[in-house]
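J.: Predicted model and sequence follow; I will ask about them next.
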Amino acid sequence: MIKTMLSGGGASRATVSTFRGMNNTPLCGEDETYWENGITSDYFPALAPQGIFETVKSSEDVQGIITKDALCVVRNGKFYMNDLEATGFSLTNSGKKTMVSMGAYVVIFPDKKWINTKDLTDYGTIDNTRTASSTVRYVMTNSDGDEYPSGIETGATPPDDPSTGDYWIDTTGDQASLKVYTAGGMWTSIVTTYVRIECTNIGLGFKEGDGVTISGATAGDDLNGSFVLKKAEDDAITITGLLASPVSVLDDLTVARQMPLVDFVTEAGNRLWACRYGVANNGEVVNEIYGSKLGDFKNWSCFEGLATDSWAASCGTDGMWTGAATHLGYPIFFKENVFHKVYISSAGAHQIQETAANGVEYGSEESLAIVGQILYWKAREGIMAYDGSLPTSIGGALGKVSYKYAAAGSGRGKLWISMQDVDASWHLFCYDPARGFWHKAGDLCATQFCEVDGVPYWIDGSSNVIRETTSVDTSVEWTMTTGIIGATSPDAKTVKKIGLNAVLPKWSMMRVEIAYDETEDWEEAAVLEGNGLRAFLIPIHPERAKFFRLRISGRGDFRIYSMTKTVRLGSEK
């Protein structure tokens with residue numbers, strides 16, 4: 001709000017009592033700052049300092065953070081929840097960790113390991129590979145695990161003079177099938193048969209329903225390939241298949257459960273969803289989106305025609321994936337100029353919708369953050385906001401400066417985003433969605449964010465410690481520079497005085513400087529020492545100018561509730 005009163009003699013007096021954040025553009029208003037550092041909108045409509053960014057965890061190498069019932073941290077290859085270490089659970093001790101929450105579990109990438117946050121002794125690895133270390137026995141069984149007799153006749157014609165209960169493997173169809181001779185004198189097909197593969201530790205780490213790849217089986221070519229385990233024990237697994245007689249051989253048998261190579265992962269609808277652009281596990285080049293089995297983040301290759309199956313689909317858009325997030329229940333996968341939203345179907349018939357739009361900028365995958373119901377991210381063109389329809393740009397107030405390598409998070413109902421400028425300097429900005437204001441909170445590099453009880457936590461990229469915002473103390477330093485004041489009038493003018501209605505607690509300090517026209521010659525107008533609530537009247541050395549700017553800086557806590565300037569107008573010269 002700007003209130004203006006005119007007095008005699010060509011003097012004018014204007015008061016600003018509502019401050020609307022930062023606007024780093026030529027259109028910066030007198031109630032905005034052109035540039036600032038360490039300022040917050042928490043006390044709107046007043047100006048106030050952001051506060052200190054305190055280290056809340058040790059200086060050990062923090063690799064990743066996520067919020068469950070408490071703050072979960074990976075540092076030095078170890079997992080901690082609320083400062084309690086998961087004993088025995090180890091990760092690689094270098095490199096960034098991305099953690100995804102699914103139910104009570106946290107799944108950690110790129111290690112592809114998981115841990116139960118309700119029981120820190122329950123953990124494991126998504127991938128599991130077992131290789132035969134002793135003789136392998138293959139035997140065909142029924143659904144109860146009972147073995148069929150050995151020496152079942154196989155061929156295109158049935159056995160001569162069969163008896164009730166005799167078996168025959170019929171090879172006349174596209175696929176061989178087991179048939180039994182019934183009392184009615186007919187050969188009846190047995191719909192499903194199973195092969196149990198027995199070997200020491202061959203089933204260790206597997207469970208019923210796992211999707212696996214089997215290789216090296218010599219008892220039959222159809223025993224190699226992809227299968228869903230029907231049973232799993234430490235020393236045996238059971239799959240669908242046919243076998244005329246039990247076989248015991250020394251095989252180079254390998255059974256593997258393997259997650260695809262992925263670029264980004266998110267959770268939605270009790271599944272993990274992921275994307276990959278590049279070489280896959282099998283050496284092929286892919287451009288795909290994957291979904292894990294329903295309720296089972298370990299399984300990505302279970303295909304039985306069920307609604308709970310794993311899922312995969314190829315995409316035709318060019319370019320590498322740049323990020324992934326879940327918004328309003330839908331997984332969304334981003335490239336720089338397009339995003340793909342997966343519409344989840346309870347019947348398993350998931351569909352992908354492509355939208356050509358400003359996607360996530362390469363290197364800014366950590367900028368995806370949700371505040372309220374809005375998804376935000378850093379695009380090449382600026383900061384985008386997405387409510388489910390089309391993304392819109394909200395970063396105009398940050399000016400024409402090019403930023404990259406953004407990381408963002410939510411906290412206190414605001415968006416916090418750290419970005420690097422073209423000079424490799426880092427800046428932490430804060431966007432207040434309720435008011436549409438931007439503020440610059442500090443010169444900080446953040447690599448990951450999470451929110452704990454409404455408070456934003458982040459990893460400091462310069463020291464790899466975890467920080468949060470806390471209360472203001474006398475060590476806080478802050479600064480703000482106004483836009484051009486007086487540019488709306490073409491006449492020259494003389495600044496007579498500036499009044500600040502402010503609070504400066506004891507031990508706080510404020511400095512006011514002024515620069516005329518387009519110069520960068522800042523003249524000190526006043527230095528104010530804190531002693532509580534008062535109105536400060538700042539005399540300005542008279543100088544005729546078309547316009548002027550103010551720079552207000554200081555140390556410690558403060559509030560500025562209003563700013564009044566008295567200007568005497570002159571001629572156009």
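T.: On my side now, so go ahead.

J.: Pull out the buried positions in the helix or strand Ala232 falls within.
T.: Using DSSP states H and E, Ala232 falls within strand 231-233. Within strand 231-233, the residues that qualify as buried by neighbour count (16 or more other CB atoms under 10 Å) are 231-232. From N, CA and C alone the C-beta is placed, and that goes for glycine too.

J.: What is the subsequent helix or strand relative to it?
T.: Beyond strand 231-233 in the direction of the C-terminus, DSSP H and E gives the next helix or strand as strand 236-240.

J.: What is the subsequent helix or strand relative to that next one?
T.: The element immediately downstream of strand 236-240 (helix or strand, assigned by DSSP H and E) is strand 247-249.

J.: tell me how far the helix or strand following that next one is from the chain's mean position?
T.: Toward the C-terminal end, the helix or strand that comes next after strand 247-249 (DSSP H and E) is strand 254-257. Going by CA atoms, centre = their mean, to the nearest Å, the spacing between the C-alpha centre of strand 254-257 and its chain's C-alpha centre is 31 Å.

J.: Repeat that for stretch 241-257.
T.: Distance of stretch 241-257 from its chain centroid, counting by CA atoms, centre = their mean, is 43 Å.

J.: now do the same end-to-end measure for that stretch.
T.: 19 Å (CA to CA, to the nearest Å).

J.: Same question for stretch 404-424.
T.: The first and last residues of stretch 404-424 sit 9 Å apart, counting by CA to CA.

J.: For that stretch, give the mean pLDDT please.
T.: Model confidence over stretch 404-424, given as mean pLDDT, is 96.

J.: May I see the buried residues of it?
T.: If you call a residue buried by 16+ other CB under 10 Å, then stretch 404-424 has these buried ones: 405-411, 414-420.

J.: for stretch 282-295, same thing?
T.: 286-294.

J.: With stretch 365-372 instead?
T.: Along stretch 365-372, these residues count as buried under the neighbour rule (16+ other CB under 10 Å): 365-371.

J.: what would the buried residues of stretch 404-424 look like in TSV with distance to Ala313 and secondary structure?
T.: What follows is the buried residues of stretch 404-424, written out as TSV (distance: CB to CB, whole Å; DSSP: H, G, I helix; E, B strand; the rest coil):
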residue	distance to Ala313	secondary structure
Tyr405	30	strand
Ala406	29	strand
Ala407	29	strand
Ala408	28	strand
Gly409	30	strand
Ser410	30	strand
Gly411	35	strand
Lys414	36	strand
Leu415	31	strand
Trp416	34	strand
Ile417	31	strand
Ser418	34	strand
Met419	33	strand
Gln420	35	strand
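
J.: Serialize these to TSV and add fields for distance to Phe53.
T.: Formatted as TSV, the buried residues of stretch 404-424 follow (distance: CB to CB, whole Å):
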residue	distance to Phe53
Tyr405	19
Ala406	18
Ala407	14
Ala408	16
Gly409	13
Ser410	17
Gly411	12
Lys414	15
Leu415	17
Trp416	11
Ile417	15
Ser418	11
Met419	16
Gln420	17
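
J.: What ranges does the stretch 201-350 of the chain have for its strands?
T.: 211-215, 225-228, 231-233, 236-240, 247-249, 254-257, 264-268, 271-279, 285-291, 311-314, 323-327, 330-335, 338-343 (DSSP state E, counting those that start in this stretch).

J.: Can you tell me which of those strands is packed in deepest?
T.: Between the strands of the stretch 201-350 of the chain, the one whose residues have the most neighbours on average, counting mean count of other CB atoms under 10 Å, is strand 330-335 (a mean of 24).

J.: Show me what that strand packs onto, helices and strands only.
T.: The contact analysis (3 or more CB pairs under 8 Å, 6 or more residues apart in numbering; DSSP states H and E) places strand 330-335 against strand 264-268, strand 271-279, strand 323-327, strand 338-343.

J.: related to what we said a few turns ago, I'd like the strands of the stretch 201-350 of the chain written out as JSON lines, with distance to Arg130 and mean pLDDT added.
T.: As requested, the strands of the stretch 201-350 of the chain are arranged in JSON lines below (distance: least, CB to CB, whole Å; pLDDT from 0 to 100):
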{"stretch": "strand 211-215", "distance to Arg130": "9", "mean pLDDT": "97"}
{"stretch": "strand 225-228", "distance to Arg130": "14", "mean pLDDT": "96"}
{"stretch": "strand 231-233", "distance to Arg130": "10", "mean pLDDT": "97"}
{"stretch": "strand 236-240", "distance to Arg130": "9", "mean pLDDT": "97"}
{"stretch": "strand 247-249", "distance to Arg130": "17", "mean pLDDT": "94"}
{"stretch": "strand 254-257", "distance to Arg130": "5", "mean pLDDT": "98"}
{"stretch": "strand 264-268", "distance to Arg130": "25", "mean pLDDT": "98"}
{"stretch": "strand 271-279", "distance to Arg130": "23", "mean pLDDT": "98"}
{"stretch": "strand 285-291", "distance to Arg130": "23", "mean pLDDT": "98"}
{"stretch": "strand 311-314", "distance to Arg130": "24", "mean pLDDT": "97"}
{"stretch": "strand 323-327", "distance to Arg130": "31", "mean pLDDT": "98"}
{"stretch": "strand 330-335", "distance to Arg130": "31", "mean pLDDT": "98"}
{"stretch": "strand 338-343", "distance to Arg130": "33", "mean pLDDT": "98"}
